[in-house]
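# I'll drop the sequence and a predicted model, then ask my questions.
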Amino acid sequence: MNHRSASAFSNYYNAIRHLTREQCVTRIVRSLERIVTRLRGDGAHRSLLRKAKRCAAGTFLADEQLQQRLLHLAYWRIRTKPNAWNASQPEDWRFLNQPLNIGFPPRWNAPVVDQSASDSRLWHFHLHYFDWIWDFLQQGRNLLSVRVMENWLWRNRLGSKKCHRAAWSSYTVSLRIRNWAVAIALLKKRRKISPISLRVIEDGLWAQTIFLCDHLEKEHGGNHLLENLIALAFVARCFDGTGARNLRRRADRMLRAQLATQLTPSGCHEEQSPMYQTIILDRLIDLVGVLAPDDPAGKWIRDAASRMNRFLCHLLMPDGNFPLLGDSTRSASLKLWAMRARASKLLGERLTQPESGYSQRDGYHVFRNMKAGDYVLFDAAPLGVDSLGAHMHADILGFEVILGDVAIVADGGAGVYRAGPERTELRSAREHAGLVVDGWACAEPWKSFRMGRRGKVLQHKGREVADGFEAVASHDGFSPAGVIHTRRVSFDATAGIVTVHDRLDGKTPRRRVEVEMRIPLHHAVSARRTLENGWAILDKSSGKVAEIVVESMPSALRFGEEIGMYYPAFGISLKRTVLRISCELASGSELVYTIRRAT
């Protein structure tokens with residue numbers, strides 16, 4: 001089937017019309033600020049330093065108890081370090097699973113030569129995050145840590161023509177200032193930093209904090225704005241001056257408002273990405289770790305972190321990982337099990353584990369049978385918040401299936417952020433368990449982080465039945481084709497059978513439409529067309545594990561297979577099979593198929 005796509009005008013219109021007034025104004029202001037900064041050159045940096053001096057920071061880590069709390073965080077970061085740098089090859093730096101030789105100290109604006117293997121801008125983001133400083137500190141290379149921070153301050157002055165744009169991205173600054181604050185605490189404890197170097201780095205840390213305060217990512221919102229505000233609240237607590245106290249109060253006020261806006265009562269983040277859910281939870285736990293016992297912000301910060309932790313547990317698969325919904329990968333630098341254990345300890349809660357049975361939160365219908373190793377997820381959640389389409393995929397009413405500890409149907413995640421055919425493909429309906437009707441997908445992602453026309457979930461409901469569950473939902477994503485899509489997913493845990501009913505209802509009775517159903521398999525299994533109306537699903541180690549069979553018999557039924565991609569991490573892509581079922585379907589009729597455990 002030829003997949004239709006909207007015009008460029010339609011894409012721009014549908015992306016822009018959902019932006020808020022604040023987002024539009026901030027985008028214009030930030031564009032003008034970047035032009036002015038380049039024109040001013042070194043004058044922009046001197047102006048920033050003067051403003052930082054006027055905003056009295058006070059003494060860094062004047063509170064010994066705060067320093068102890070930062071040390072606990074430092075030891076945690078060392079244990080979960082990302083392994084981006086190795087002393088045996090000091091000039092090689094590894095981000096996004098791509099090593100590059102950029103010297104030591106690194107050439108901060110070095111080009112990423114192999115553009116096909118990595119996202120150049122994202123690679124530089126990771127370089128400027130300074131997450132890798134924990135590799136240095138874990139190996140006891142304290143003087144190198146000081147040297148590389150001083151080198152960054154000298155080589156990346158605001159407004160410098162040689163400064164990479166990623167260096168002063170607000171998102172990058174947010175991660176870097178938290179890493180620096182904790183690293184300085186550890187270096188002071190080890191007595192491996194001179195008073196002069198300490199003063200230079202502390203001043204640079206405060207100047208970056210003031211820059212971030214003036215450049216909050218209101219044009220993006222979502223996880224970016226939360227990163228900004230958490231970083232400000234974190235670093236402002238490390239200083240005791242009047243400027244720091246004022247900044248802390250402002251950051252706390254804005255962070256509380258954003259958490260109330262971006263989190264549902266059950267703790268789901270508005271961008272509907274388990275990866276960003278996990279990252280924001282990790283940042284909140286870091287903030288909880290530095291709060292004083294009598295901090296007035298402690299109650300609502302702990303409440304938000306607790307709700308996010310419980311929601312994340314709701315999504316977890318039997319192996320303890322989250323499903324790769326939306327823009328998600330399983331980053332090697334974020335050990336999920338250890339982070340959840342630390343969260344439970346700091347929040348004073350029992351470490352909750354996935355349990356057998358059915359549950360539903362914010363549109364995510366989940367059934368687990370931990371004893372049999374079964375897991376079925378039906379995603380009837382919205383694509384995300386309309387004003388931020390960056391991490392949306394065309395995956396309305398998608399589902400995932402694990403039977404007998406073998407993943408059968410799975411979303412592929414997102415291991416690429418740069419614009420191009422690969423990014424467009426992984427966000428499209430072709431890589432998700434959904435329909436294409438008369439060539440129309442349920443949503444139209446375009447460029448790297450844009451979403452044009454997008455469908456809305458109209459209703460969803462579910463219930464637990466005898467040893468299983470049943471859920472039904474509908475959406476209007478196929479309105480260009482004049483139909484409403486309703487999907488019903490049920491699971492019989494005793495028989496190990498998942499049944500999917502797809503129904504299309506239009507205004508014109510019995511109108512026939514061309515339908516293409518896609519079923520993306522996990523990369524560890526393959527399909528063999530040995531059945532008249534379906535496939536045998538084979539595991540590489542244990543042979544036949546499941547069958548996918550079409551139960552209804554619509555007209556012009558056709559079967560096909562394509563090569564898709566699965567992204568367990570950034571920079572790593574694995575080939576997988578995407579099954580295709582095509583047919584003609586009359587309005588009001590159903591396409592029914594089952595996924596059953598092999599006997």
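Received the coordinates, thanks. Numbers count the residues shown, from 1 in each chain.
# Other residues contacting the helix or strand bottoming out on mean pLDDT in the chain?
Across the helices and strands of the chain, the lowest-confidence element by mean pLDDT, DSSP states H and E is strand 85-86, at a mean of 72. Contacts to strand 85-86, defined as C-beta atoms under 8 Å, 6 or more residues apart in numbering, come from residues Asp92, Trp93, Arg94, Trp132, Asp135, Phe136. Placement of C-beta: from N, CA and C, glycine included.
# Narrow these to just the buried residues.
Trp93, Arg94, Trp132, Asp135, Phe136 (16 or more other C-beta atoms under 10 Å).
# where in the stretch 251-400 of the chain is pLDDT low?
Low-confidence segments of the stretch 251-400 of the chain (pLDDT under 70): 332-334.
# ranges for the helices of it?
Using DSSP state H, counting those that start in this stretch, the helices assigned to the stretch 251-400 of the chain run over residues 274-290, 298-315, 336-347.
# right, so of those helices, which gets closest to Thr264?
Closest to Thr264 of the helices of the stretch 251-400 of the chain is helix 298-315 (C-beta to C-beta; 8.0 Å).
# Could you list the buried residues of the closest one?
Buried, per 16+ other C-beta under 10 Å, within helix 298-315: 301-302, 304-309, 311-315.
# same deal with stretch 50-63?
Applying 16+ other C-beta under 10 Å to stretch 50-63 flags Ala52, Cys55, Ala57, Phe60, Leu61 as buried.
# cool, and stretch 61-71?
Leu61, Leu66, Gln67, Arg69, Leu70.
# Throw the residues you listed into a markdown table and include secondary structure, distance to Leu226 and pLDDT, thanks.
Formatted as a markdown table, the buried residues of stretch 61-71 follow (DSSP: H, G, I helix; E, B strand; the rest coil; distance: C-beta to C-beta, whole Å; pLDDT from 0 to 100):
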| residue | secondary structure | distance to Leu226 | pLDDT |
| --- | --- | --- | --- |
| Leu61 | coil | 25 | 86 |
| Leu66 | helix | 22 | 92 |
| Gln67 | helix | 26 | 92 |
| Arg69 | helix | 21 | 93 |
| Leu70 | helix | 21 | 94 |
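# so where's the stretch 101-250 of the chain uncertain?
Within the stretch 101-250 of the chain, the segments meeting pLDDT under 70 span 112-119.
# Out of the buried residues of stretch 50-63, which sit inside helices?
Using DSSP state H, the subset of the buried residues of stretch 50-63 located in helices is Ala52.
# Count the residues that sit near Arg511.
Residues near Arg511, counting by other C-beta atoms under 10 Å, number 16.
# Tell me the spacing between it and His391.
35 Å (C-beta to C-beta, to the nearest Å).
# rewinding a little: export the buried residues of stretch 50-63 as a markdown table, with columns for distance to Ala569.
Formatted as a markdown table, the buried residues of stretch 50-63 follow (distance: C-beta to C-beta, whole Å):
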| residue | distance to Ala569 |
| --- | --- |
| Ala52 | 37 |
| Cys55 | 40 |
| Ala57 | 38 |
| Phe60 | 36 |
| Leu61 | 35 |
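# Regarding Thr352, what are the backbone dihedral angles?
phi -80, psi 140 (degrees, to the nearest 10).
# hang on, it packs against Cys313?
Yes. Between Thr352 and Cys313 there is a contact at 4.8 Å, judged by C-beta atoms under 8 Å.
# List the residues that contact the nearest residue to Ala495 once chain neighbours are set aside.
Leaving aside its chain neighbours, Ala495 sits nearest to Arg596 (7.1 Å; criterion: C-beta to C-beta, 6 or more residues apart in numbering). Arg596 makes contacts with Ala495, Gly496, Ile497, Val498, Ala546, Glu547, Val549, as judged by C-beta under 8 Å, 6+ apart.
# distance of the first one from Asn369?
Applying C-beta to C-beta, one obtains 12 Å for the distance of Ala495 from Asn369.
# Then the fifth one?
Relative to Asn369, Ala546 is positioned 15 Å away (criterion: C-beta to C-beta).
# higher neighbour count, the two?
Ala546 (26 against 21).
# Just the element for that one, please.
Following DSSP states H and E, one finds Ala546 within strand 543-550.
# What residues of that strand count as buried?
Those buried within strand 543-550 under the rule 16+ other C-beta under 10 Å are Val545, Ala546, Glu547, Ile548, Val549, Val550.
# Using the three-state scheme, assign Leu591.
strand (DSSP: H, G, I helix; E, B strand; the rest coil).
# From Phe491, how far out is it?
From Leu591 to Phe491 the distance is 18 Å (C-beta to C-beta).
# okay, the two: which has more neighbours?
Neighbour totals were compared for Leu591 and Phe491, and Phe491 leads with 27 against 22 (other C-beta under 10 Å).
# so the more buried one sits in a helix?
No. Counting by three-state DSSP, Phe491 is not part of a helix but strand.
# what bridges to it?
Phe469, Val498 (DSSP bridges).
# rewinding a little: what is the nearest of the contacts of Arg596 to Leu281?
Val498 (29.7 Å).
# isn't the closest one right up against Phe491?
Yes. Applying C-beta under 8 Å, one finds Val498 in contact with Phe491, separated by 5.1 Å.
# Packing partners of the strand holding Ala546?
Where contact means 3 or more C-beta pairs under 8 Å, 6 or more residues apart in numbering; DSSP states H and E, strand 543-550 is packed against strand 406-409, strand 525-531, strand 534-539, strand 590-597.
# Run me through the strand neighbours of that strand, direction for each.
strand 534-539 (antiparallel), strand 590-597 (antiparallel).
# Run through who's touching that strand.
By C-beta under 8 Å, 6+ apart, strand 543-550 touches 403-404, 406, 408, 519, 525, 527, 531, 533-539, 557, 579, 581, 591-598.
# What helix or strand is the nearest residue to Phe130 once chain neighbours are set aside located in?
Distance criterion C-beta to C-beta, 6+ apart; nearest residue to Phe130, sequence neighbours excluded, is Asn179 at 4.3 Å. Using DSSP H and E, Asn179 sits within helix 170-190.
# now the angle between helix 274-290 and that helix, please.
Counting by axes from the mean of the first three to the mean of the last three C-alpha atoms, to 10 degrees, helix 170-190 lies at 40 degrees to helix 274-290.
# Toward the C-terminus, what is the element adjacent to helix 170-190?
Once helix 170-190 ends, the next helix or strand along the chain (criterion: DSSP H and E) is helix 195-214.
# now Thr494: how far from Arg368?
Taking C-beta to C-beta, one finds Thr494 at 15 Å from Arg368.
# Tell me which two of the buried ones among the contacts of strand 85-86 sit farthest apart.
Arg94 and Phe136 (14.2 Å).
# burial count for the nearest residue to Ala231 once chain neighbours are set aside?
In space, and not counting its chain neighbours, Ala231 is closest to Ser174: 3.8 Å by C-beta to C-beta, 6+ apart. Residues near Ser174, counting by other C-beta under 10 Å, number 27.
# Next up, the contacts around Ser174.
So Ser174 contacts Leu212, Glu227, Asn228, Ile230, Ala231 (C-beta under 8 Å, 6+ apart).
# Now the third one: which helix or strand?
By that I understand Asn228. Under the criterion of DSSP H and E, Asn228 resides in helix 222-236.
# which helices and strands sit right next to that helix?
So helix 222-236, by 3+ C-beta pairs under 8 Å, 6+ apart, packs with helix 170-190, helix 195-214, helix 242-262, helix 274-290.
# Compare these and give me the one nearest Glu22.
Per C-beta to C-beta, nearest to Glu22 of those: helix 242-262, 12.3 Å.
# hmm, who's touching the closest one?
Contacts of helix 242-262 (C-beta under 8 Å, 6+ apart): 54-58, 209, 213, 216, 221-222, 225-226, 229-230, 232-233, 236-238, 269-270, 297, 300-301, 304, 385.
# picking that back up, of the contacts of strand 85-86, which belong to strands?
Asp92, Trp93, Arg94 (DSSP state E).
# Format the residues you listed as a markdown table; extra columns: distance to Gln459.
Output for these, formatted as a markdown table (distance: C-beta to C-beta, whole Å):
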| residue | distance to Gln459 |
| --- | --- |
| Asp92 | 53 |
| Trp93 | 50 |
| Arg94 | 47 |
